[in-house]
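Novice: my questions concern the predicted model and sequence given below.
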Amino acid sequence: MTRPAPAPFAADPAASRGRRFPRTGERKGDPRDAFQRDRDRIVHSVPFRRLRHKTQVFVAPDGDHFRVRLTHSLEVAQIGRTIARALGLNEDLTEALCLAHDIGHPPFGHSGEDALDAAMAEAGGFDHNAHTIRLLTLLETPYPDHVGLNLSWETLEGLAKHNGPVSDPSWALAEADAEFPLELATWPSLEAQVAAIADDIAYDNHDIDDGLRAGLFALDDLLALPMPTRIWERVCARYPGANAARLAPELVREQIGEMVGNVIAETKRRVAEAGARSADEVRAAGRCLAGFSSVMAAEERELSAFLYARMYESPLVRGLASQAASLIGSLFAAYLDDPALLPLEWRSPADDALGRGRRVGDFIAGMTDRYAVAQHQKLVGPVALPEYF
């Protein structure tokens, strides 16, 4: 794809609102701009590397071909960059947001998040999006002169609000916002809005691939839906006589392309309708400017509902998720009861009950699936997560 000139409503790294800590240790002669440095700081961070052992849908998957948080984030980034380039947005900011959007997830996916939220009820609860900001601004500290990764305002704003304005921030997000205000009540940049819709596109299509591979539903089940049926007919017409198993990946690729094309066209229409001529006018538009057309949005909701029923709520996935949630609850109780079980660098005798609960939550949220299993076996007892697929 030819790279178009930057659109007037694209985020401009030269006009960034800066970083919380002005001295960032950047070397003279560094050819990277602010958003490129943000992306690289994320890629080189320990939390990003841990995503390779964190659940996407399947708990601690034994199959090498199933998605995990890391592969999902890479796929979101590929889709996000494609959309950003077509719209003339800043690709590096879009990529940074896509790569980091799941970095605050605890082990075991959404079941782990629900369990940690319940365990931390007296400490303010847990939200993975808020924890992403907490992790990047406070907990991850690889630099000698400041806490956090010291990312630009635009990157932190996009991560905090990529799903839209935040009217009631959790304690973790409120604390970060107090230190470095992110204008939580407004819409974020178009780059952040693109990262959010790229996440939806990746989820829908790659979960089709994993669901078919795992046998949670069959191709015929999927073809009861209008959009996959329409695309399947095109694919079959293009490759007459080809084996269905060979055509299923082509259906996924074609569907991604159709959804991406729809987002590009609809976003251009909305931006023109809003008359947005700058990144700040995008924020002031009062509504989401990046998204599907009304027809595509309805078809996407049907597909999402199908996946929810046949995949996320399947007896197999729910059963494993329940066991994983129990594991998180037991681990939290063990550490809270005896903080000496925490690694030395995670202990603090100055903690009150609130601080202790949040410290334990921070530690567990950083675990990979397999590390959580190992700690449970060491501190609590055997874990009965079966191997499968």
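Specialist: Yep, it's here.
Novice: count of neighbours near the closest residue to residue 368 other than its chain neighbours?
Specialist: Closest residue in space to residue 368, ignoring its immediate chain neighbours: residue 53 at 3.6 Å, by CB to CB, 6 or more residues apart in numbering. Every C-beta, even on glycine, is put in place using the N, C-alpha and C of the backbone. By the criterion of other CB atoms under 10 Å, residue 53 has 18 neighbours.
Novice: let me see the backbone angles for residue 53.
Specialist: Here is the backbone geometry of residue 53 (degrees, to the nearest 10): phi -120, psi 30.
Novice: just to be sure, residue 6 is in a strand?
Specialist: No. Under DSSP: H, G, I helix; E, B strand; the rest coil, residue 6 falls outside any strand and is assigned coil.
Novice: okay, the closest residue to it other than its chain neighbours and residue 292: tell me how far apart.
Specialist: Spatial nearest neighbour of residue 6, excluding adjacent residues (CB to CB, 6+ apart): residue 88 at 5.5 Å. For residue 88, the distance to residue 292 (CB to CB, to the nearest Å) stands at 20 Å.
Novice: which one's more surrounded, those two?
Specialist: Taking other CB under 10 Å, residue 88 and residue 292 do not tie; residue 292 has more neighbours (20 against 17).
Novice: was I right to think that one contacts residue 266?
Specialist: Yes. Contact criterion CB atoms under 8 Å: residue 292 and residue 266 qualify, at 6.1 Å.
Novice: for the helix or strand hosting residue 79, the averaged confidence score.
Specialist: Per DSSP states H and E: residue 79 is located in helix 69-87. Mean pLDDT, computed over helix 69-87, is 96.
Novice: distance from the chain centre to that helix, please.
Specialist: 11 Å (CA atoms, centre = their mean, to the nearest Å).
Novice: buried residues in it?
Specialist: Within helix 69-87, the residues that count as buried by 16 or more other CB atoms under 10 Å are 69-73, 75-77, 79-87.
Novice: elements contacting the helix or strand bottoming out on mean pLDDT in the chain?
Specialist: Least confident helix or strand of the chain, by mean pLDDT, DSSP states H and E, is helix 315-337 with a mean of 88. If you count contacts as 3 or more CB pairs under 8 Å, 6 or more residues apart in numbering; DSSP states H and E, helix 315-337 packs onto helix 109-119, helix 353-365, helix 369-379.
Novice: so what touches the first one?
Specialist: Outside helix 109-119, the residues that touch it by CB atoms under 8 Å, 6 or more residues apart in numbering are 54-57, 59, 105-106, 108, 125-128, 321-322, 324-329, 332-333, 361, 364-365, 372.
Novice: after that helix, which helix or strand is next? Please name it.
Specialist: Following helix 109-119 in sequence, per DSSP H and E, is helix 128-134.
Novice: buried sites along stretch 274-283?
Specialist: 274, 276, 279, 282, 283.
Novice: my read: the third one touches residue 11, true?
Specialist: Yes. Taking CB under 8 Å as the definition, residue 279 is a contact partner of residue 11 at 5.1 Å.
Novice: list residues touching both of these two?
Specialist: Shared contacts of residue 279 and residue 11, counting by CB under 8 Å, 6+ apart, come down to 189, 190.
Novice: identify the residues contacting the most centrally placed residue in the chain.
Specialist: Centroid-nearest residue in the chain: residue 102, 3.0 Å away (criterion: CA atoms, centre = their mean). The neighbours of residue 102, taking CB under 8 Å, 6+ apart as the test, are 51, 54, 69, 72, 73, 128, 132.
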